[in-house]
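> got a predicted model here, sequence first, then my questions.
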Amino acid sequence: MAVDLAKNAGFDREVVRTRRGDQQEYFSSLLCKDKRSHEALEMLVSDLHADKEGTVNTFLSHSGSEDFLWGLVRLLDTDNPRVGGNAAYILGTIAENELGAARVLSLTNGKSGEQILDDLTNMLTLADAESVMNAAGTIGTLAESSEGRDWMLGEPHLDNTVSNVTNLLTSNNQWIASNAALVLARLTISEVGCNRILDHESSQLVLTKLVLSLGVDKAGLGMNSAFAVGRLCDMEPGRSRLLSLPDSEKMFTSLGKMLCHGDTGSSKNACFAISCLATSPEGHARLLGSRSCNELLTALGRLLKAEDGETGWFAAMTLRTLASVGKGVVRLRDHAEVVRSLKDMESREDVSPDLRDEVITTLEILKKLERPNAPRIEVRGSHSCEAAWDASTTKSGLPITYRLYEGNRIAYRGADLHCVVDGLQPYTQYTFRLQAATEGDGSPQSDPVIVRTEESIPGEPTGLRVINATTTQLKVCWSQPLRPNGVIKGYAVYQGKTQAESTQELSSIISGLQPQTTYDIHVCAITSKGKGPRASVKGRTEDLGAHAPEKPSLTVQGRHEVFATWDLPEVLLGRLTKFELHVNGKIVYSGTDRSFKVTRLKPDTDYSVTVVAVTNQGKCESEASKVRTAKDEYSSASGGPLHVPKQLPAETKDSDQVSVGGGCKKKMSHTWEGPKTNRVSTPTRAHRVGLGKRGL
């Protein structure tokens, strides 16, 4: 800030101007060691205010300009604050000109350079505010160029300058404080300057005062401090030191407020500081975790649309920096205003190429995962599948994991691009889908892939039970296995260790069993892979008892015939179909009658006769009745009887009753006649001989 010390000293500018020659010969008075040099200073200050560019050009083009500059340097070291302040102001104003800066810096070689910086540093402690402000301003101007910074950074007494400048950051005069912050900001342009500040014995105080100076003001204190903070944060030691300050939370809050202010310089420097803070994991995390984070992001979103395109670029650059770390991506995605502002800027045509590039890059980083391609599934037998898939891509930097869904179940979760899914059921249809995921984001699921595992041996049939039993049969039934594990081709039925039947039905009748006997029955299902485990049940055949007919009643009717009769069982086993009459194990009759004459038997032969009741539930066989057919009574020689009874009763009954079978009595007659050639007198009536039980 330029300060007119001549006016404050009571000089009349027009009077002063009359003392100048046409060629401004008063320049030479700067070399005087009396008050004439003071008056020349005031004239030069006045001319600089009236026409800064013209006056500087005239001064520098003067043949004695180098001597005049030495005269100005000599006047810095004076007991009169106003004189020193005017000299500092003139040197600083001349140094704003490129040629002037080169001329002034040419004086800093050797001891003279050390003296110049010392004189300006000492002026920073004066009580005169204008002199202090001009001295700080001149130091800041000289530090603007790399040559000026190198000169200052090479001076041994720079630490004194930094200390005095730091003290001025809390000055009540904002312009003084602003110039002091400018000095620190210009020094930090160089990495060496940052290190000089961080290595300063009062570096903690310097950093604290810079943080407390952040904010919005007319003089530019906050703007200059934000630049210095940004430069120091651009180095890991400086960033770490600033984040460890007790007032570090205030740093985030103040920078956020600067973003919201209309001053573009403050907004841009605040963006710069925030982006530098966010380059480390710690700084990034602190920013996202600060209380002012939401307001800060909102302000950045609005700055994207600033009329000043450079401010928009700074905002976009800061958002991109925040999005460079995964947590930032998640936070920005969730901030609707930021995303909306970025998309609005992308669609605008009046956006500078640099800003558009930053916006597009940031949106690409924030872009959510797209639907992945369907996984490739290969069946590996009856119980497993092998899955593989293509890698998803993202510019967010967030690690991608994958979820392989089998139905609604997550069969795999991890970062690999393949997996084996075990524990599947044989011959079962499965549906697989793939989803990619990052922190805070999950892609839509892929198209489904449907596969079926291979067949295996089936599970055991369920519900095996005996549903009926006869004396010689067991009827069992069952249900399909809970796990068929394939296409059931049939069932094998076992009685003990012997396979009794193969069937495609769900029931079986096992025949040829003994009455009143317990049997182990097993059933297993069969697929193309073989027989499965067996289901087992115990079954017991019925006692013949009430289900079987009584043993048949038999009546011998000569040498070749037996007449058999029988009754119904006391308790029928189901619905009667027919009877079977078995003679010596052979069926001689099958029908519904309850009597039958057995013919063509051999004489004098034993026979075993049973009757079988056949029902829809099986067969029930009676106990056997034994019978013997009559023998042939003729001798082989004479054909007549060998013995004739001496006396026969005159008359016998027409028939004798013979008991045969199970207590059923039938009349049976047998007539015998001797041969007519016998010399014994023939009775007039035929004789009947009772056979008694001989026929049995």
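Yep, that arrived.
> now the strands for the stretch 451-600 of the chain?
Ranges of strands in the stretch 451-600 of the chain, per DSSP state E, counting those that start in this stretch, are 462-469, 474-479, 490-495, 498-503, 507-510, 518-527, 530-531, 535-540, 553-556, 562-565, 576-583, 586-591, 595-598.
> okay, now the unreliable bits of the stretch 501-650 of the chain?
Along the stretch 501-650 of the chain, segments meeting pLDDT under 70 span 544, 634-650.
> correction: the chain
Within the chain, the segments meeting pLDDT under 70 span 1-24, 544, 634-696.
> tell me the centre residue of it?
With distances taken as CA atoms, centre = their mean, the residue of the chain nearest its centroid is R403 (4.4 Å).
> find the residue closest to that one in space, skipping its chain neighbours.
Excluding the flanking residues, the one nearest R403 by CB to CB, 6 or more residues apart in numbering is Q435, at 4.6 Å. C-betas here are computed from N, CA, C, even on glycine.
> hang on, the one you found in a helix?
No - under DSSP: H, G, I helix; E, B strand; the rest coil, Q435 sits outside any helix and is assigned strand.
> I'd say it and Y402 touch.
Yes - the criterion here is CB atoms under 8 Å, and Q435 meets it with Y402 at 7.1 Å.
> report the set of residues contacting both of these two.
Common contact partners of Q435 and Y402 (CB atoms under 8 Å, 6 or more residues apart in numbering): P372.
> between the two, which is the more surrounded one?
Ranked by neighbour count (other CB atoms under 10 Å), Q435 and Y402 place Y402 first, with 23 against 20.
> please name the nearest non-neighbouring residue to the more buried one.
Nearest one to Y402, counting by CB to CB, 6+ apart, is A436 at 5.7 Å.
> wait, the one you found touches S396, no?
No - in this structure, A436 is not within contact of S396 by CB under 8 Å, at 11.9 Å.
> so how many other residues sit close to the closest residue to R376 other than its chain neighbours?
Nearest residue to R376, sequence neighbours excluded (CB to CB, 6+ apart): A388, at 4.9 Å. A388: 12 surrounding residues under other CB under 10 Å.
> show me what A388 is bridged to.
In this entry, A388 is beta-bridged to R376, H418, by DSSP bridges.
> identify the residues contacting it.
Applying CB under 8 Å, 6+ apart to A388 gives the contacts 375-376, 378, 417-418.
> okay, and I90 sits in which element?
In this assignment (DSSP states H and E), I90 forms part of helix 81-95.
> and that helix, what's buried?
Neighbour-count burial for helix 81-95, counted by 16 or more other CB atoms under 10 Å, picks out 81-95.
> state the next helix or strand along the chain beyond it.
Once the chain leaves helix 81-95, the next helix or strand it forms, by DSSP H and E, is helix 98-105.
> quick one: distance of that following helix to the chain centre.
How far helix 98-105 lies from its chain's middle: 65 Å, per CA atoms, centre = their mean, to the nearest Å.
> which helices and strands sit right next to that helix?
Applying 3 or more CB pairs under 8 Å, 6 or more residues apart in numbering; DSSP states H and E, one finds that helix 98-105 contacts helix 52-61, helix 65-76, helix 81-95, helix 129-142, helix 146-153.
> now those helices as JSON lines including distance to L581?
Listed next are the helices and strands packed on helix 98-105 as JSON lines, based on distance: least, CB to CB, whole Å:
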{"stretch": "helix 52-61", "distance to L581": "146"}
{"stretch": "helix 65-76", "distance to L581": "150"}
{"stretch": "helix 81-95", "distance to L581": "142"}
{"stretch": "helix 129-142", "distance to L581": "136"}
{"stretch": "helix 146-153", "distance to L581": "132"}
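> out of the ones you listed, which is closest to G463?
Proximity to G463, assessed across the helices and strands packed on helix 98-105 by CB to CB, is greatest for helix 146-153 (94.9 Å).
> hmm, who's touching that closest one?
95, 101-102, 105, 108, 113, 117, 139, 141-143, 158, 161, 186-187, 189-190, 192-193, 196.
> apply 6 Å and report the result again.
Residues from elsewhere that reach helix 146-153 (CB atoms under 6 Å, 6 or more residues apart in numbering): 105, 108, 113, 142-143, 158, 190, 192-193.
> one more: stretch 525-543?
Stretch 525-543 is contacted from outside by 455-461, 464-466, 469-471, 474, 481, 486, 488-491, 513, 515-519, 521-524, using CB under 6 Å, 6+ apart.
> please check those residues and keep the buried ones.
In these, burial by neighbour count holds for 455-461, 464, 466, 469-471, 474, 481, 486, 488, 491, 513, 515, 519, 521-524, counting by 16+ other CB under 10 Å.
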